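Student: Please work out how this folds:
(chains A and B)
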Amino acid sequence: MAKNEKNITGSMVVKRGLAEMLKGGVIMDVVNADQAKIAEDAGACAVMALERVPADIRRDGGVARMSDPEMIEKIQAVVSIPVMAKARIGHFVEAQVLESLGVDFIDESEVLTPADESHHIDKFLFKTPVVCGATNLGEALRRISEGAALIRSKGEAGTGNIVEAVRHLRSIIGDIRKITQADSAELFEWAKRLQAPLPLVQEIAETGWLQVPLFCAGGIATPSDAALAMQLGAEAVFVGSGIFKSNDPAPRAKAIVEATTHFRDAEIIAKVSRNLGAPMTGIGMDNIQERFAERGW
Amino acid sequence: MVGVSYNKSLVVGVLALQGAFSRHQDALTELGVATRQVRTPQDLEAVNALVMPGGESTTMSQLLESSEIFEPLAKRVEEGMAVFGTCAGMILLAKKIIDGRDDQTPFGAIDIEVQRNAYGRQVDSFEADIDVDSLKSPFHAVFIRAPRIASLGSQVKVLAYCGEDVVLAQQNNILVASFHPELTNDIRLHELFLKGV
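Tutor: Numbering: from 1, shown residues only, chains lettered A, B, ... in the order given. Coordinates of the predicted model:
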């Protein structure tokens, strides 16, 4: 390609564009090149490179940080699909490092230990698109106002329990639906209540959807979980611990990919759900010590 | 093409296994044709033409197999169904994929060889204005981790270049773009496709 100087790179159109390409797909957490290959072979539309899956971060405790660049590069070398990686909330230098590595998408993630207790990363400063988690519409819109190119539910990562992701999706999408029914005066109140910029709220009233795609993350462990998220209105799914903490990762990964595509077809979901072995054990919400979803503001 | 109209009673399918299919559907709906998301062989039977969207071609290749739609789609293509492939869709319609996965079989509907992710990683994704044959003003094209047409046969008609690269091409009723016309609000290329159906 002749690198034309008139070409625009790193624009919001280009950043949101990659998020559009991931729709209908499954993004899988992987901790090494072998897992990345298994994920790509199973039909993942992208992989998230990280040192420990959320279930292990939860078990081990301590400070969770950006992954070793060497490990990220090894994963980039073996797959042709997009490679994502996580930076701590507010840790813009980790994001700078990930951008320098040519990571395709940065996840400013509550799964890692936050680096800043009041500021998220200014995501407009990056050419690389950034995805952020949200538990409700206000949080989603604040992240979009900071330049996020994609929003995902936070769910409760590393639990194998879909209940929190369902709560977050219902909250975000439910409020979107209500806003489309609000009159113009009520939108001021919505903006105040959500602690979100008024123009973004007004835009939702007009278009009926977020300014960026909305994916589901946090707690997906089975093909039915993925299809549930999709039927609730998520446009793609992230699967973290759910694949490589299960007994037999490759067939489960493939089954979740198929269920995400055919999310309204119960017969296909039933077919792909057969004989997958045990899913990750999972944890009930009463038994977790720290909620990752409460990180971020 | 000027003055040629298209049949508004068409049902245009959008391959919806993975990727930016809903944006294509929006563009087609705006042009007044009925659309249908295609995920199964039954869906395919109900459509007169097909758009294959951008997304991850490796993912789509595997879902074409597991959804048992590869064979029926290959047959429809051979019978002459009009198809518009963008980005990953173009890769799947090509005769040959350079550096593709061993298990990735393209449909061979258009005599081009394509190279995946030829322009680099996401940070190299870009927007540019291109001149398209038969369009009066430039088309704003969005390239996302775009494939490149590395070579093309003599039967393939070039409709647009970006720099030195062919980015929009046609052979019979197969139209391919290495960029994403569905990511802008400009529906002229979807209209061009419908006129050829």
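
Student: how about stretch B:44-64: buried residues?
Tutor: Within stretch B:44-64, the residues that count as buried by 16 or more other CB atoms under 10 Å in any protein chain shown are B:44, B:47-64. Where you see a C-beta, it was placed from the backbone N, CA and C, and this is true even at glycine.

Student: taking those residues one by one, which sit in helices?
Tutor: Those of the buried residues of stretch B:44-64 mapping onto helices are B:44, B:57-64, per DSSP state H.

Student: Check which element follows the helix with the most length in chain A along the chain.
Tutor: Longest helix of chain A, by residue count under DSSP H: helix A:163-181. Per DSSP states H and E, the first helix or strand lying C-terminal to helix A:163-181 is helix A:184-194.

Student: So which bits of that following helix are buried?
Tutor: Across helix A:184-194, burial judged by 16+ other CB under 10 Å covers A:187, A:190-191, A:194.

Student: so where's the chain shaky on pLDDT?
Tutor: Let's take chain A. A:1-5 (pLDDT under 70).

Student: other chain: chain B
Tutor: For chain B, the ranges with pLDDT under 70 are B:1-4.

Student: give the contact list for residue A:137.
Tutor: Residue A:137 is in contact with A:171-172, A:175-176, A:179, A:194, A:196, counting by CB atoms under 8 Å, 6 or more residues apart in numbering or on different chains.

Student: Pick out the residue in chain B sitting closest to chain A.
Tutor: Closest approach between chain B and chain A, counting by CB to the nearest CB: residue B:163, at 3.1 Å.

Student: did I read that right, residue B:113 in a strand?
Tutor: Yes - the assignment for residue B:113 is a strand, going by DSSP: H, G, I helix; E, B strand; the rest coil.

Student: Touching, it and residue B:151? I think so.
Tutor: Yes - under the criterion of CB atoms under 8 Å, residue B:113 makes contact with residue B:151 at 4.7 Å.

Student: And the longest helix of chain A, how far out from the chain middle?
Tutor: Here helix A:163-181 shows a centroid-to-chain-centroid distance of 16 Å under the convention CA atoms, centre = their mean, to the nearest Å.

Student: and the angle for that helix with helix A:184-194?
Tutor: Helix A:163-181 runs at 150 degrees relative to helix A:184-194, counting by axes from the mean of the first three to the mean of the last three CA atoms, to 10 degrees.

Student: Give the buried residues for helix A:163-181.
Tutor: Those would be A:164-169, A:171-173, A:175-176, A:179, for helix A:163-181 by 16+ other CB under 10 Å.

Student: which stretch of helix or strand covers the residue nearest the centre of chain B?
Tutor: Centroid-nearest residue in chain B: residue B:85, 1.0 Å away (criterion: CA atoms, centre = their mean). Using DSSP H and E, residue B:85 falls within strand B:82-86.

Student: buried residues in stretch A:225-234?
Tutor: Buried-residue list, stretch A:225-234, by 16+ other CB under 10 Å: A:225-230, A:232-234.
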